[in-house]
Every structure is written in structure tokens, then in C-alpha cells.
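Colleague: with the sequence up front, the predicted model follows.
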Amino acid sequence: MHAIIHTTLLLSISCVVAHSADNEWASLDREVRLLSSTLSRDGGLGLSGQVGLRYDNNSDLNIGGFSASDARLAMDGSHGTYGYRVEVDFAGESYLGISDTDSDGIPDTPSIFMDTLMDAYATFGIGGAITARMGRFRASVCDDSDMDEGDMDHMRHSMIGAQFARHADGMAFSGTMESISWDLSIMNGFDGTLDELLTAVRVRLAASEETSLSLAVIDDASLQDVGATVITGNYKAGALGFGIEYANVADTAASTNFHASNFNTLDFSVPAVGGTTPMCISATVDVNDDWMLAVRHTDADYPAAIDTSSLEITANHGNWQFGLMDGQLAGVDFDYWSVGLNVGF
């Protein structure tokens with residue numbers, strides 16, 4: 001009954017928003033973005049920003065309220081042969097780490113922390129074929145973790161994408177050879193600024209802009225057997241799109257060994273568990289020029305006693321998103337619906 005009521009309410013809200021002048025807003029967005037890009041030409045400073053607003057309702061967890069999930073301001077540009085980017089999220093970005101609860105100098109308890117500095121890096125070319133990046137950024141592991149919040153088909157990262165979505169300090173190299181691109185990221189790992197590093201290597205084969213297959217291998221040298229292998233694939237044919245994400249997590253690994261981000265109750269954020277093979281299967285359909293429907297099923301591959309899986313359905317309409325989620329969290333059934341608004345320049 002809850003699902004029927006939520007679906008009816010979702011469709012009602014969608015119909016109301018559908019009558020707004022979305023074409024006018026879309027045109028205004030394009031003009032503002034064009035102005036921003038014009039300012040950044042010839043090495044000038046480019047400014048961009050994004051505000052993400054949401055209402056979430058979950059009767060099982062007694063949740064029903066509004067939140068500002070994103071409040072971002074970024075500047076980028078170039079100076080000579082060097083590029084730069086700085087981005088701050090005033091709303092903060094949560095991530096999963098380890099805290100020292102007994103004050104003995106040894107981190108021992110998984111905890112949620114907050115970052116406000118997202119990007120702070122410089123770029124430069126090496127030999128004309130390689131691009132280097134140094135500073136604070138996201139390591140490239142899969143398409144979902146590469147995407148900014150507010151630009152995704154759903155309101156939250158996929159379970160697998162969230163494991164690698166945190167911005168961290170390090171250096172990366174990338175290049176392209178016809179339809180094959182590669183990324184090598186060398187980041188501060190579990191031990192922070194000590195001498196053991198996290199390495200992520202990704203190779204991506206793109207048949208077109210929307211059809212690709214990639215393989216990434218991640219390893220943190222600070223601990224033994226805490227890596228992961230991630231395979232992602234996307235295929236688009238006309239109005240239909242399909243995607244798959246698969247991860248093979250090493251036996252003793254956990255989310256705290258990666259750059260896991262966006263961990264909070266509202267986003268159904270669950271950590272990766274060692275020795276598991278989580279999977280996300282997704283599909284999209286362009287209903288018309290104004291509406292796109294996205295569906296995603298997630299299986300965390302937890303033991304049967306704490307089964308964790310979900311089904312997400314999100315309707316995208318201009319700057320608006322309307323979502324339903326139904327699933328099990330550690331064996332407990334839950335469902336909730338959300339309305340999101342993303343506005344940027």
C-alpha cells in the first residue's frame with residue numbers, strides 16, 4: 001500500500017512540474033553556462049556553481065524533511081601551460097574513515113567525517129601525449145564515481161561508485177590512444193601522508209561517447225590484501241541505455257580502505273565488505289525530449305542473514321528528479337521517495 005501511495009504522489013508532483021516553462025529555464029541555463037565558458041577563454045578565470053536541494057521521506061526510518069545536499073562553487077583556468085581548478089562544497093561531503101576512539105594513537109572505529117574542499121589541483125602536459133594532474137581530486141575508477149552529484153541519472157551514487165567517490169590528495173596520469181583511454185592514479189592511502197600509497201589503474205574502451213567498457217584495479221599498499229577489481233559497461237541504442245557495474249572486493253578489504261564517500265542514511269549508503277562481489281544493473285529510457293526514466297538494481301552481496309539490496313526508479317525532468325527506492329537494509333525492508341532540484345551555472 002505504501003508503494004502505491006508513494007507512486008501516486010510522485011506522479012502527481014511530476015505532473016505539476018511538467019507544466020512549468022522548462023524550455024525557458026533550459027535556455028537560461030545554457031546561456032549562463034556559455035557566459036561562464038566565455039569568461040574562461042584565453043586563460044581567464046572561469047566560475048561555476050551548483051545547488052542541490054532535496055526532500056526525502058522514509059516512513060520506516062521516520063524521515064521526512066528537506067536538505068541542501070550540494071552548495072558548490074568552483075573556479076578554474078590556466079596560466080601558461082598549466083591548468084588549475086579549485087572547488088568547495090559548503091554543504092560538505094561525507095566520507096567513511098577510521099577514528100581513534102580510545103585515544104591510543106591507533107585508528108580503530110569506522111566513522112563518518114565531512115570534507116568541504118573538493119578539488120584543488122593543477123594540470124600539465126608531459127610530452128604531448130600524457131596529461132598529469134597533481135593535488136586533490138577523484139581517482140578515476142568507474143563512470144559513476146567520476147560523475148558529480150547533480151549530474152547523475154539518480155539522486156545518489158551507485159553502491160560501487162560511492163566506494164571511490166571521495167576527493168583525495170595524489171597525482172594522476174592519463175592518455176588516449178584512438179578508442180582506448182587509460183588513467184593511473186597514485187593517491188594517499190589508508191595511512192594518510194605516510195609512505196604507503198593507494199594505486200588505481202583504469203583502462204577504458206569506448207566504441208562511442210555512450211557505449212564503453214572499462215576495467216579498474218585498486219590496491220592500497222598500507223595493508224595486505226585490501227584491493228578491488230571493478231568492471232563497468234555502458235551501452236546506448238536510440239532511446240534505451242543499459243549499464244552494469246561489478247566489483248570483486250579482496251577478502252580483508254572494506255570501504256575504509258578505499259576513498260568511499262557520500263555515506264549517510266538518506267542515500268542508502270552501504271560499505272563494501274571483504275570477499276564479496278557487489279553488482280549494480282541499470283537501464284534508462286528517453287521518454288521524450290523532456291523526460292528520462294532511470295532504473296537501477298543493486299545487490300551488495302552480503303550474507304543472507306543481512307541481505308542488502310535495492311531497486312531505484314528515478315524520473316528526470318529538466319532540473320528536477322523524482323525518485324522511489326525499495327529494498328532491504330541488513331535484512332530489514334524499507335522504502336522511501338525523494339524529490340530533488342539541481343540548479344547550476
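Modeller: It's in. Residues are numbered from 1 along each chain as shown.
Colleague: separation between Val217 and Leu329?
Modeller: Val217 sits 29 Å away from Leu329, going by CB to CB, to the nearest Å. (Each C-beta comes from the backbone N, C-alpha and C, glycine too.)
Colleague: now do Met171
Modeller: Plainly put, Met171 is 37 Å away from Leu329 if you go by CB to CB.
Colleague: these two: which is more packed in?
Modeller: Leu329 (19 against 15; other CB atoms under 10 Å).
Colleague: so that one versus Ala165, what's the distance?
Modeller: 20 Å.
Colleague: for Gly340, which three-state class applies?
Modeller: strand (DSSP: H, G, I helix; E, B strand; the rest coil).
Colleague: contacts only, for it.
Modeller: Applying CB atoms under 8 Å, 6 or more residues apart in numbering to Gly340 gives the contacts 52-55, 69, 155, 320-323.
Colleague: between the residues you listed, which is closest to Ala304?
Modeller: When these are compared for distance to Ala304 (CB to CB), Gly323 wins out at 27.5 Å.
Colleague: the closest one reaches His317, doesn't it?
Modeller: No. Contact criterion CB atoms under 8 Å: Gly323 and His317 do not qualify, at 11.7 Å.
Colleague: who has more neighbours, those two?
Modeller: Set Gly323 next to His317 and count neighbours by other CB under 10 Å: Gly323 wins out with 21 against 17.
Colleague: where's that one, which helix or strand?
Modeller: strand 320-329 (DSSP states H and E).
Colleague: mean confidence score for that strand?
Modeller: Mean pLDDT, strand 320-329: 91.
Colleague: mind checking how far that strand is from the chain centre?
Modeller: Offset of strand 320-329 from its chain centre (CA atoms, centre = their mean, to the nearest Å): 16 Å.
Colleague: rewinding a little: quick one: the contacts of Gly340 as CSV, columns for distance to Ser338 too.
Modeller: As requested, those are arranged in CSV below (distance: CB to CB, whole Å):
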residue, distance to Ser338
Gly52, 12
Leu53, 11
Arg54, 6
Tyr55, 7
Ser69, 10
Met155, 6
Trp320, 11
Gln321, 8
Phe322, 8
Gly323, 5
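Colleague: and which of those residues is nearest to Gly125?
Modeller: Minimum distance to Gly125 across the contacts of Gly340 is 33.2 Å, recorded for Gly52 (CB to CB).
Colleague: who's in contact with that closest one?
Modeller: Listed by CB under 8 Å, 6+ apart, the contact partners of Gly52 are 68-71, 91, 149-150, 340-342.
Colleague: quick one on the thing from earlier: just give me the closest of the contacts of Gly340 to Tyr336.
Modeller: Taking CB to CB as the measure, Tyr336 lies nearest Gly323 of the contacts of Gly340, at 8.8 Å.
Colleague: any idea what the closest one is bridged to?
Modeller: Gly323 has these beta-bridge partners by DSSP bridges: Thr314, Ser338.
Colleague: helices of the stretch 151-300 of the chain, start to end?
Modeller: Along the stretch 151-300 of the chain, the segments classed as helices by DSSP state H, counting those that start in this stretch run 159-162.
Colleague: any low-confidence regions in it?
Modeller: 190-195, 222-226, 252-269 (pLDDT under 70).
Colleague: in stretch 312-327, what's buried?
Modeller: Of the residues in stretch 312-327, those buried under the neighbour-count criterion (16 or more other CB atoms under 10 Å) are 312-327.
Colleague: end-to-end on that stretch?
Modeller: 9 Å (CA to CA, to the nearest Å).
Colleague: re earlier: now the contacts of Gly52: which count as buried?
Modeller: 69-71, 91, 149-150, 340, 342.
Colleague: sitting in helices, which of these do you find?
Modeller: Within those, no residue falls in helices by DSSP state H.
Colleague: dump the residues you listed to CSV, plus pLDDT and distance to Gly189.
Modeller: Listed next are the buried ones among the contacts of Gly52 as CSV, based on pLDDT from 0 to 100; distance: CB to CB, whole Å:
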residue, pLDDT, distance to Gly189
Ser69, 88, 28
Asp70, 91, 27
Ala71, 95, 29
Ala91, 90, 27
Glu149, 86, 24
Gly150, 84, 28
Gly340, 96, 33
Asn342, 96, 32
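Colleague: so of these, which ones are in strands?
Modeller: Of the buried ones among the contacts of Gly52, the ones assigned to strands by DSSP state E are 69-71, 91, 340, 342.
Colleague: what's the spacing between Leu117 and Leu73?
Modeller: Look at Leu117 and Leu73: by CB to CB, they are 11 Å apart.
Colleague: who has more neighbours out of those two?
Modeller: Counted by other CB under 10 Å, Leu117 and Leu73 do not tie: Leu73 has more neighbours, with 16 against 12.
Colleague: contacts for the helix or strand that one falls within, please.
Modeller: Assigned by DSSP H and E, Leu73 belongs to strand 63-79. Outside strand 63-79, the residues that touch it by CB under 8 Å, 6+ apart are 40, 43-58, 83-91, 118-119, 149-150, 265-266, 336, 340, 342.
Colleague: which of the residues you listed count as buried?
Modeller: 40, 46, 48-54, 56, 58, 83-89, 91, 118-119, 149-150, 266, 336, 340, 342.
Colleague: strands - which of the residues you listed land there?
Modeller: 46, 48-54, 56, 58, 83-89, 91, 118-119, 336, 340, 342.
Colleague: how close does Glu210 get to Ala304?
Modeller: Separation of Glu210 from Ala304 (CB to CB): 36 Å.
Colleague: now swap in Ser158 and tell me
Modeller: Distance from Ser158 to Ala304, by CB to CB: 22 Å.
Colleague: having no further points to raise, I will conclude here.
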